[in-house]
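> could you look at this predicted model? Sequence included:
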Amino acid sequence: MPVAAPAPIIVSALIGATDFAWADGLRRAHFPAERNRLPAHLTLFHHLPPSALEMLRRLLAAEARGAPPPAARITRLISLGQGVALGVDSPGLVAVRSHIAEALRGQLIPQDQAPWRPHITIQNKVAPSAARALLQALRSEFSARPIALEGLSAHWYRGGAWEHIADYRFSRSGRSRRN
């Protein structure tokens, strides 16, 4: 079997099963089906160079090893103009991402250098009026809720599809996580 050529690397947070099912259900219900190639996800980095893979593996393993999952909450709905996202607050995950970004300085694209706004997109690439309607409908029943984060995950980006590289799970009884 031929080995696929390297591609840009995406890093995301692993969402706990119950919270993933909820967020992915919203995504499947509201994301245009013909464009929805991915399940719900919380992206930390959008485009890391393939040459960073071995360093990235060490960084992700070090961040997850012995560390408890960082606390996280979905605190708000976010208008994307042509879609809607769930805003996520997690000082611990922000610290993890900042540490990785610092280690990869000079290898980040502008999007990954910009201030990070953690979110889970549940609708995108729709008419602004449809996005506004969904935002209004969700606001009527929205309440903040915790979301379980179980680890970090790396994927090759292959033109829309993500090809899994590896998962790095947080420990349930590890050292305390820096905030």
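Looks like it came in fine. Residues are numbered from 1 along each chain as shown.

> going forward, measure contacts and count neighbours with C-alpha atoms only.
Will do.

> now do Arg172 against Asn124, distance only.
Plainly put, Arg172 is 34 Å away from Asn124 if you go by C-alpha to C-alpha, to the nearest Å.

> who has more neighbours, those two?
Of the pair Arg172 and Asn124, Asn124 is the one with more neighbours under other C-alpha atoms under 10 Å, namely 22 against 11.

> and Pro68, that's in a strand?
No - Pro68 sits outside any strand when classified using DSSP: H, G, I helix; E, B strand; the rest coil, being coil.

> that one against Arg172, yeah?
Yes - counting by C-alpha atoms under 8 Å, Arg172 is a contact partner of Pro68 at 5.1 Å.

> if the residue nearest the centre of the chain is in a bridge, with which residues?
For the chain, the residue nearest the mean C-alpha position is Leu42 (1.7 Å; C-alpha atoms, centre = their mean). Judged by DSSP bridges, the bridge partners of Leu42 are Ala13.

> wait, doesn't Ala131 sit right on Ser79?
Yes - the pair Ala131 and Ser79 passes the contact test of C-alpha under 8 Å, sitting 7.5 Å apart.

> where do the strands sit along this protein?
Taking DSSP state E, the strands of the chain run over residues 9-15, 42-48, 73-79, 84-89, 119-123, 145-146, 149-158, 161-169.

> could you list the residues in contact with the third one?
The one in question is strand 73-79. Residues outside strand 73-79 that contact it (C-alpha atoms under 8 Å, 6 or more residues apart in numbering) are 84-90, 131-132, 135, 138-139, 142-147.

> only whichever of these are buried, select them in PyMOL.
To isolate the buried members of the contacts of strand 73-79 in PyMOL, using 16 or more other C-alpha atoms under 10 Å:
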select buried, resi 84+85+86+87+88+89+90+131+132+135+147
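
> quick check: the gap between the residue nearest to Val96 when sequence neighbours are not counted and Val94.
Leaving aside its sequence neighbours, Val96 sits nearest to Glu63 (C-alpha to C-alpha, 6 or more residues apart in numbering; 6.6 Å). Using C-alpha to C-alpha, Glu63 is found at 12 Å from Val94.

> of the two, who's got more company?
Of the pair Glu63 and Val94, Glu63 is the one with more neighbours under other C-alpha under 10 Å, namely 22 against 18.

> quick check: that one touching Ala95?
No - Glu63 is beyond contact range of Ala95, at 9.9 Å (criterion: C-alpha under 8 Å).

> mind listing what Leu38 touches?
Counting by C-alpha under 8 Å, 6+ apart, Leu38 has contacts 161-162.

> what is the burial count for Glu141?
7.

> right, I mislabeled it, should have said Arg37
For Arg37, the neighbour count with other C-alpha under 10 Å is 12.

> quick one: pLDDT of it?
Note on Arg37: pLDDT of 87.

> and it, how far is that from Trp162?
Distance from Arg37 to Trp162, by C-alpha to C-alpha: 9 Å.
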